[in-house]
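Novice: sequence and predicted structure are below.
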Amino acid sequence: MEVKPVTRNQCAPFILGIHYAKRWPSISYAFGLFDKSELVGVVTYGAPPSRHLQVGCCKDSPDSVIELNRLCLKYNRKNEASRLISGSLKLLPPLIVVSYADTSHGHSGGVYRAANFYYAGWTDMDRKTARLDYIVDGGRHSRDAFRNGIGAESKTVRRKPKAKYWTVTGSKKQKEALKKEMLWPSISWKEFPVPSEHKQLKL
């Protein structure tokens, strides 16, 4: 198997047809896993949707922070995901790469751990109370929409956390420099597993 750059058109069946989000993210780099001539998986990287996230990761060089925002596999055979991720990281310039595992879709980030990412806990890990989503007629609305009168019959559900992972790319020297700039922690996922229910942990 071989990992190499792919085009937007090559990514389309995977991102729009296989990935649960069914929508395009911001894409700066895209790579595919080829089994001989067959494209069996794609991974994409792009600017995170929030500038605040970039600054929160690397205050002095926020533009060096990029997100692994889609990972899609045709067959999802053993080791294909970690092989695709690891191979694509070697093709990236020096960057801090972050990614999230969405627990609401049953993911905890095992594929990132297999690719030697650092684990940084989960979203809202330092909050005393959980974030809530407002559900109206089967659809999700913001708190503001609820306050504006949309949700008279709404119900609230706890927003499930996302596990946070990160790594760095480049030469050994470049990786060491980027690791020093990264503000996210590296902690033990066994000691601090992603919770099924919200709780606060003091590190």
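Specialist: Nice, I can see it. Numbering: from 1, shown residues only.
Novice: okay, now the domains of this structure?
Specialist: Each structural domain of the chain that the record assigns through automatic domain parsing is listed here as a residue range: 2-123+162-181, 126-160.
Novice: mind checking the end-to-end distance for the first one?
Specialist: End-to-end distance of domain 2-123+162-181 (CA to CA, to the nearest Å): 32 Å.
Novice: starting at the chain centroid, how far to that domain?
Specialist: Averaging C-alpha coordinates over domain 2-123+162-181 and over its chain gives two centres that are 7 Å apart (CA atoms, centre = their mean, to the nearest Å).
Novice: so where do the strands sit in the chain?
Specialist: For the chain, the strands defined by DSSP state E occupy 2-5, 29-35, 38-46, 65-73, 96-102, 118-122, 132-136, 139-141, 155-158, 162-168.
Novice: please point out which parts of the second one sit buried.
Specialist: Which is strand 29-35. In terms of neighbour count (16 or more other CB atoms under 10 Å), strand 29-35 has its buried residues at 29-34. C-betas here are computed from N, CA, C, even on glycine.
Novice: now residue 122, nearest residue through space, not along the chain?
Specialist: Leaving aside its sequence neighbours, residue 122 sits nearest to residue 161 (CB to CB, 6 or more residues apart in numbering; 4.0 Å).
Novice: need phi/psi at the one you found.
Specialist: Backbone geometry at residue 161, expressed as degrees, to the nearest 10, gives phi -70, psi 160.
Novice: these two touch, right, it and residue 193?
Specialist: No: counting by CB atoms under 8 Å, residue 161 sits too far from residue 193 to count as a contact (11.0 Å).
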